[in-house]
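Trainee: Pasting the sequence and the predicted coordinates here, then a few questions.
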Amino acid sequence: MSESVNVLFVCLGNICRSPSAEGIFRKVVEAAGLADKVSISSCGTGSWHVGKAPDARARAAAARRGVDISDLRARQIQASDLTAFDYVLVMDQQNLADVQRIRERNGGTRPELFLHYGRSSHDEVPDPYYGGEKGFDTVLDLIQEASEGLLAELRKTLN
Ligand code: 4NP
């Protein structure tokens, strides 16, 4: 059992999938009354978008579900994140390989595919960046379901 837990979502750019996961999971945690016990952040493996707000399409899709992610700003993962965060949840196999490479050199929390906490047969949140608007709704559906599974998991470890 622990008093609190912290969760890091990781994608490639930190402007589409992982900030969406941060926003949706924060809403799920707040609805469960656990906001003071769970801290949530996100980052990207790449550096191209550092400092930028989430993609306009991701902001709009989240807003349609009552989630405001417009204040988030992209940052790149650092080796120290793997020691700072209890859960490091990646969106796809490429993110997993990239974070595993960091962990091989520096140790820390073992990264996992976020969708392992979902019930669907998908194990990757597809990159929506080069697709249309609809891709962003698919991303949010997958994130919502995995967020509920993750909440159930965290409830087991929190006091
Ligand atoms: P994300 O999406 O990893 O979900 O933030 C992407 C954002 C930007 C790029 C790729 C994926 N990009 O190549 O710039």
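Mentor: Cool, got the structure. Numbering: from 1, shown residues only.
Trainee: which SS class is S47?
Mentor: With DSSP: H, G, I helix; E, B strand; the rest coil as the basis, S47 sits in coil.
Trainee: Identify the residues contacting the closest residue in space to it that isn't next to it in sequence.
Mentor: Nearest residue to S47, sequence neighbours excluded (CB to CB, 6 or more residues apart in numbering): Q76, at 4.7 Å. For glycine as for every other residue, the C-beta is placed from the backbone atoms N, C-alpha and C. Taking CB atoms under 8 Å, 6 or more residues apart in numbering, we find Q76 in contact with 14, 43-47, 50.
Trainee: same check, this time on Y129
Mentor: Contact analysis of Y129 by CB under 8 Å, 6+ apart lists 13, 15-16, 55.
Trainee: In this structure S42 contacts G13, no?
Mentor: No: contact criterion CB atoms under 8 Å: S42 and G13 do not qualify, at 10.7 Å.
Trainee: what about these two, which has more around it?
Mentor: Between S42 and G13, counted using other CB atoms under 10 Å, S42 has the larger neighbour count: 27 against 22.
Trainee: Next, the more buried one: phi, psi?
Mentor: Main-chain torsions, S42, degrees, to the nearest 10: phi -150, psi 160.
Trainee: Check which helices and strands the longest helix seen in the chain sits against.
Mentor: Ranked by residue count under DSSP state H, the longest helix found in the chain is helix 133-157. Counting contacts by 3 or more CB pairs under 8 Å, 6 or more residues apart in numbering; DSSP states H and E, helix 133-157 is packed against strand 5-11, helix 17-31, helix 56-64.
Trainee: now that helix: how far from the chain's centre is it?
Mentor: Averaging C-alpha positions (CA atoms, centre = their mean, to the nearest Å) puts helix 133-157 9 Å from its chain's average.
Trainee: can you tell me if that helix touches the ligand.
Mentor: No: Helix 133-157 stays clear of the ligand (CB under 6 Å from any ligand atom), getting no nearer than 7.7 Å.
Trainee: angle of that helix against helix 17-31?
Mentor: 50 degrees (axes from the mean of the first three to the mean of the last three CA atoms, to 10 degrees).
Trainee: distance between the ends of stretch 59-71?
Mentor: By CA to CA, to the nearest Å, the extent of stretch 59-71 from end to end equals 10 Å.
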